[in-house]
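Colleague: Quick one, fold the following:
(chains A and B)
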Amino acid sequence: AIQMTQSPSSLSASVGDRVTITCRASQDIRNDLGWYQQKPGKAPNLLIYGASRLHSGVPSRFSGSGSGTDFTLTISSLQPEDFATYYCLQDYNYPLTFGGGTKVEIK
Amino acid sequence: QVQLLESGPGLVKPSETLSLTCIVSGGSISTYYWTWIRQPPGKGLEWIGYFYYTGNTNYNPSLRDRVTISLDSSKNQFSLRLNSVTAADTAVYYCARRITRPEAFDIWGQGTLVTVSS
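Modeller: Numbers count the residues shown, from 1 in each chain, chains lettered A, B, ... in the order given. Purely as a prediction, here's the structure:
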(Lines give C-alpha, C1' and ligand atoms only; values in the text may rest on other atoms or scores of the structure.)
Protein backbone atom coordinates (compact mmCIF):
# COMPACT_ATOMS: atom_id res chain seq x y z
CA ALA A 1 0.00 0.00 0.00
CA ILE A 2 1.12 3.56 -0.69
CA GLN A 3 2.18 5.36 2.48
CA MET A 4 1.17 9.00 2.87
CA THR A 5 3.24 11.08 5.28
CA GLN A 6 1.88 14.43 6.39
CA SER A 7 3.79 17.16 8.14
CA PRO A 8 3.58 18.73 10.55
CA SER A 9 1.24 16.61 12.66
CA SER A 10 0.06 19.80 14.35
CA LEU A 11 0.68 23.51 14.18
CA SER A 12 -0.38 26.66 15.99
CA ALA A 13 -1.24 29.73 13.97
CA SER A 14 -3.06 33.01 14.28
CA VAL A 15 -5.95 34.38 12.28
CA GLY A 16 -4.55 35.93 9.12
CA ASP A 17 -1.47 33.70 8.98
CA ARG A 18 -0.42 31.82 5.88
CA VAL A 19 -0.39 28.10 6.62
CA THR A 20 1.28 25.33 4.64
CA ILE A 21 0.78 21.58 5.11
CA THR A 22 2.75 19.00 3.20
CA CYS A 23 2.02 15.45 2.19
CA ARG A 24 4.56 13.02 0.77
CA ALA A 25 3.69 9.78 -1.01
CA SER A 26 5.89 6.68 -0.84
CA GLN A 27 5.71 6.39 -4.64
CA ASP A 28 4.70 8.49 -7.63
CA ILE A 29 0.95 9.13 -7.56
CA ARG A 30 0.85 11.66 -10.43
CA ASN A 31 -1.67 14.28 -9.28
CA ASP A 32 -4.12 11.80 -7.77
CA LEU A 33 -4.38 13.50 -4.40
CA GLY A 34 -7.16 15.11 -2.42
CA TRP A 35 -7.30 17.24 0.70
CA TYR A 36 -10.06 16.99 3.31
CA GLN A 37 -10.93 19.16 6.30
CA GLN A 38 -12.40 17.62 9.45
CA LYS A 39 -13.83 19.51 12.39
CA PRO A 40 -14.34 17.83 15.79
CA GLY A 41 -17.27 15.43 15.80
CA LYS A 42 -17.94 15.92 12.10
CA ALA A 43 -17.28 14.02 8.90
CA PRO A 44 -14.45 15.16 6.64
CA ASN A 45 -15.25 17.63 3.87
CA LEU A 46 -13.61 17.71 0.46
CA LEU A 47 -11.46 20.77 -0.19
CA ILE A 48 -9.17 19.93 -3.09
CA TYR A 49 -9.11 17.14 -5.68
CA GLY A 50 -6.63 16.33 -8.41
CA ALA A 51 -3.93 17.93 -6.24
CA SER A 52 -4.88 21.49 -7.17
CA ARG A 53 -8.57 21.76 -8.10
CA LEU A 54 -10.83 23.55 -5.67
CA HIS A 55 -14.07 21.75 -4.85
CA SER A 56 -17.25 23.71 -5.45
CA GLY A 57 -18.04 26.13 -2.63
CA VAL A 58 -14.59 25.99 -1.02
CA PRO A 59 -13.12 29.45 -0.32
CA SER A 60 -10.34 30.58 -2.64
CA ARG A 61 -7.93 31.04 0.28
CA PHE A 62 -7.41 27.28 0.05
CA SER A 63 -5.06 26.04 -2.66
CA GLY A 64 -3.20 22.86 -3.47
CA SER A 65 -0.10 22.12 -5.46
CA GLY A 66 2.33 19.38 -6.28
CA SER A 67 2.61 16.21 -8.32
CA GLY A 68 4.49 12.94 -8.17
CA THR A 69 5.36 12.42 -4.52
CA ASP A 70 5.25 15.87 -2.90
CA PHE A 71 2.12 17.90 -2.32
CA THR A 72 1.13 21.05 -0.45
CA LEU A 73 -2.07 22.50 0.94
CA THR A 74 -1.91 26.24 1.57
CA ILE A 75 -4.34 28.46 3.42
CA SER A 76 -3.43 31.98 2.37
CA SER A 77 -5.06 33.82 5.28
CA LEU A 78 -6.26 31.62 8.13
CA GLN A 79 -9.82 32.29 9.28
CA PRO A 80 -11.44 31.26 12.57
CA GLU A 81 -13.49 28.58 10.84
CA ASP A 82 -10.33 26.97 9.42
CA PHE A 83 -9.15 25.57 12.74
CA ALA A 84 -9.55 21.86 12.09
CA THR A 85 -7.64 18.74 11.13
CA TYR A 86 -6.58 18.30 7.51
CA TYR A 87 -5.99 14.98 5.76
CA CYS A 88 -4.50 14.14 2.40
CA LEU A 89 -5.75 11.10 0.48
CA GLN A 90 -4.09 9.34 -2.42
CA ASP A 91 -6.52 8.32 -5.17
CA TYR A 92 -3.87 6.69 -7.35
CA ASN A 93 -4.49 3.08 -6.48
CA TYR A 94 -6.15 0.72 -4.02
CA PRO A 95 -6.15 0.49 -1.10
CA LEU A 96 -6.79 4.23 -0.88
CA THR A 97 -4.69 5.65 1.93
CA PHE A 98 -4.88 8.81 4.00
CA GLY A 99 -2.12 10.83 5.58
CA GLY A 100 -1.97 10.90 9.36
CA GLY A 101 -3.55 14.35 9.59
CA THR A 102 -2.45 17.85 10.53
CA LYS A 103 -4.25 19.58 13.37
CA VAL A 104 -4.36 23.36 12.96
CA GLU A 105 -4.82 25.04 16.33
CA ILE A 106 -5.26 28.60 17.50
CA LYS A 107 -2.09 30.32 18.67
CA GLN B 1 -29.32 17.26 -2.36
CA VAL B 2 -27.99 13.76 -1.77
CA GLN B 3 -27.59 12.82 1.89
CA LEU B 4 -26.20 9.74 3.58
CA LEU B 5 -27.19 8.41 6.98
CA GLU B 6 -25.57 5.52 8.83
CA SER B 7 -27.51 3.30 11.18
CA GLY B 8 -26.78 0.26 13.28
CA PRO B 9 -25.87 -0.94 16.77
CA GLY B 10 -23.50 1.24 18.73
CA LEU B 11 -22.17 -1.67 20.78
CA VAL B 12 -20.94 -5.02 19.51
CA LYS B 13 -19.41 -7.85 21.52
CA PRO B 14 -15.95 -9.19 20.70
CA SER B 15 -15.94 -12.01 18.10
CA GLU B 16 -19.39 -11.00 16.84
CA THR B 17 -20.37 -9.26 13.61
CA LEU B 18 -20.62 -5.51 13.14
CA SER B 19 -23.46 -4.55 10.77
CA LEU B 20 -24.17 -1.05 9.54
CA THR B 21 -26.45 0.39 6.89
CA CYS B 22 -26.16 3.63 4.97
CA ILE B 23 -29.38 5.07 3.57
CA VAL B 24 -29.02 7.27 0.50
CA SER B 25 -31.66 9.97 0.20
CA GLY B 26 -32.21 12.69 -2.37
CA GLY B 27 -30.69 10.75 -5.24
CA SER B 28 -30.25 7.36 -6.84
CA ILE B 29 -27.75 4.79 -5.62
CA SER B 30 -27.03 3.87 -9.23
CA THR B 31 -23.58 4.89 -10.42
CA TYR B 32 -20.75 5.96 -8.11
CA TYR B 33 -18.65 3.99 -5.64
CA TRP B 34 -20.42 3.54 -2.32
CA THR B 35 -17.75 3.42 0.32
CA TRP B 36 -17.10 2.78 4.01
CA ILE B 37 -14.34 4.57 5.91
CA ARG B 38 -13.58 4.35 9.63
CA GLN B 39 -11.76 6.41 12.23
CA PRO B 40 -10.69 5.00 15.62
CA PRO B 41 -11.17 7.52 18.44
CA GLY B 42 -8.49 10.20 18.28
CA LYS B 43 -6.85 8.64 15.23
CA GLY B 44 -6.76 8.96 11.45
CA LEU B 45 -8.95 7.71 8.63
CA GLU B 46 -8.90 4.21 7.15
CA TRP B 47 -10.54 3.24 3.86
CA ILE B 48 -12.49 -0.02 4.29
CA GLY B 49 -13.86 -0.66 0.81
CA TYR B 50 -16.54 0.02 -1.75
CA PHE B 51 -19.45 -1.43 -3.68
CA TYR B 52 -19.73 -0.15 -7.24
CA TYR B 53 -23.22 -0.07 -8.70
CA THR B 54 -22.25 -2.66 -11.33
CA GLY B 55 -21.68 -5.16 -8.52
CA ASN B 56 -17.91 -4.88 -8.22
CA THR B 57 -16.40 -4.65 -4.77
CA ASN B 58 -12.93 -3.81 -3.48
CA TYR B 59 -11.73 -4.11 0.09
CA ASN B 60 -8.73 -3.01 2.11
CA PRO B 61 -6.37 -6.02 2.28
CA SER B 62 -6.04 -5.43 6.02
CA LEU B 63 -9.74 -6.28 6.41
CA ARG B 64 -10.49 -8.36 3.33
CA ASP B 65 -10.99 -11.65 5.16
CA ARG B 66 -13.60 -10.17 7.47
CA VAL B 67 -15.50 -7.53 5.49
CA THR B 68 -18.46 -7.57 3.12
CA ILE B 69 -20.11 -4.55 1.52
CA SER B 70 -23.44 -5.02 -0.22
CA LEU B 71 -26.01 -2.82 -1.91
CA ASP B 72 -29.79 -2.93 -2.08
CA SER B 73 -30.93 -0.68 -4.91
CA SER B 74 -34.61 -1.29 -4.13
CA LYS B 75 -34.08 0.34 -0.74
CA ASN B 76 -31.47 2.85 -1.93
CA GLN B 77 -29.03 1.71 0.73
CA PHE B 78 -25.76 -0.12 1.14
CA SER B 79 -24.37 -2.07 4.06
CA LEU B 80 -21.19 -3.08 5.85
CA ARG B 81 -20.58 -6.34 7.65
CA LEU B 82 -17.37 -6.89 9.60
CA ASN B 83 -16.91 -10.31 11.17
CA SER B 84 -14.98 -11.42 14.23
CA VAL B 85 -14.58 -7.95 15.67
CA THR B 86 -12.11 -7.00 18.38
CA ALA B 87 -11.52 -3.85 20.38
CA ALA B 88 -9.31 -2.63 17.53
CA ASP B 89 -12.46 -2.29 15.40
CA THR B 90 -13.88 0.34 17.73
CA ALA B 91 -14.26 3.43 15.56
CA VAL B 92 -16.55 5.99 14.01
CA TYR B 93 -17.75 4.44 10.77
CA TYR B 94 -18.56 6.74 7.87
CA CYS B 95 -20.32 5.96 4.64
CA ALA B 96 -19.35 8.11 1.69
CA ARG B 97 -20.02 8.57 -2.01
CA ARG B 98 -17.00 8.43 -4.25
CA ILE B 99 -17.30 10.14 -7.58
CA THR B 100 -15.05 9.62 -10.59
CA ARG B 101 -13.62 12.20 -12.94
CA PRO B 102 -12.69 13.77 -10.64
CA GLU B 103 -11.86 11.10 -8.10
CA ALA B 104 -13.07 12.27 -4.70
CA PHE B 105 -15.33 11.59 -1.75
CA ASP B 106 -17.83 14.39 -2.24
CA ILE B 107 -20.61 13.37 0.17
CA TRP B 108 -20.22 11.79 3.62
CA GLY B 109 -22.60 10.54 6.24
CA GLN B 110 -22.41 12.02 9.73
CA GLY B 111 -20.67 8.93 11.08
CA THR B 112 -21.69 6.44 13.72
CA LEU B 113 -19.59 5.27 16.66
CA VAL B 114 -19.34 1.52 17.10
CA THR B 115 -17.75 0.26 20.29
CA VAL B 116 -16.55 -3.32 20.59
CA SER B 117 -16.83 -4.41 24.18
CA SER B 118 -18.26 -7.22 26.25
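
Colleague: Could you use CA atoms for every contact and neighbour count after this?
Modeller: Noted.

Colleague: Can you report how many residues lie near the residue lying closest to A:T85 once chain neighbours are set aside?
Modeller: Nearest non-adjacent residue to A:T85, counting by CA to CA, 6 or more residues apart in numbering or on different chains: A:K103, 4.1 Å away. Using other CA atoms under 10 Å in any protein chain shown, A:K103 has 21 neighbouring residues.

Colleague: which parts of chain B sit against chain A?
Modeller: Residues of chain B found near chain A (CA under 8 Å from any CA of the partner chain) are B:43-47, B:59-61, B:94, B:102-111.

Colleague: Please flag which of these sit within helices.
Modeller: Among the residues of chain B next to chain A, no residue falls in helices (DSSP state H).

Colleague: Keep only those of those residues that are in strands.
Modeller: B:E46, B:W47, B:Y59, B:Y94, B:A104, B:F105, B:D106, B:I107, B:W108 (DSSP state E).

Colleague: Would you reformat the residues you listed as JSON lines and include pLDDT and neighbour count?
Modeller: Converted to JSON lines, those look like this (pLDDT from 0 to 100; neighbours: other CA atoms under 10 Å in any protein chain shown):
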{"residue": "B:E46", "pLDDT": "98", "neighbour count": "19"}
{"residue": "B:W47", "pLDDT": "98", "neighbour count": "20"}
{"residue": "B:Y59", "pLDDT": "97", "neighbour count": "22"}
{"residue": "B:Y94", "pLDDT": "98", "neighbour count": "26"}
{"residue": "B:A104", "pLDDT": "95", "neighbour count": "25"}
{"residue": "B:F105", "pLDDT": "97", "neighbour count": "23"}
{"residue": "B:D106", "pLDDT": "95", "neighbour count": "18"}
{"residue": "B:I107", "pLDDT": "97", "neighbour count": "19"}
{"residue": "B:W108", "pLDDT": "98", "neighbour count": "24"}
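
Colleague: For the chain, just list every one of the strands.
Modeller: Because you didn't say which chain, this covers chain A. A:4-7, A:10-13, A:19-25, A:33-38, A:45-49, A:53-54, A:62-67, A:70-75, A:85-90, A:97-98, A:102-106.

Colleague: looking at chain B here, not the other one
Modeller: Going by DSSP E, chain B shows strands at B:3-7, B:11-12, B:18-25, B:33-39, B:46-52, B:57-59, B:67-72, B:77-82, B:91-99, B:104-108, B:112-116.

Colleague: Identify whichever of the ones you listed lies nearest to A:Q3.
Modeller: strand B:46-52 (12.1 Å; CA to CA).

Colleague: Where does the prediction get shaky in chain B?
Modeller: Across chain B, no stretch falls below the confidence threshold (pLDDT under 70).

Colleague: Would you point out which residue is most central in it?
Modeller: Ranked by distance to the mean C-alpha position of chain B (CA atoms, centre = their mean), the top residue is B:W36 at 2.7 Å.

Colleague: Pull the contacting residues for that one.
Modeller: By CA atoms under 8 Å, 6 or more residues apart in numbering or on different chains, B:W36 lies in contact with B:W47, B:I48, B:G49, B:Y50, B:L80, B:Y93, B:Y94, B:C95, B:A96.
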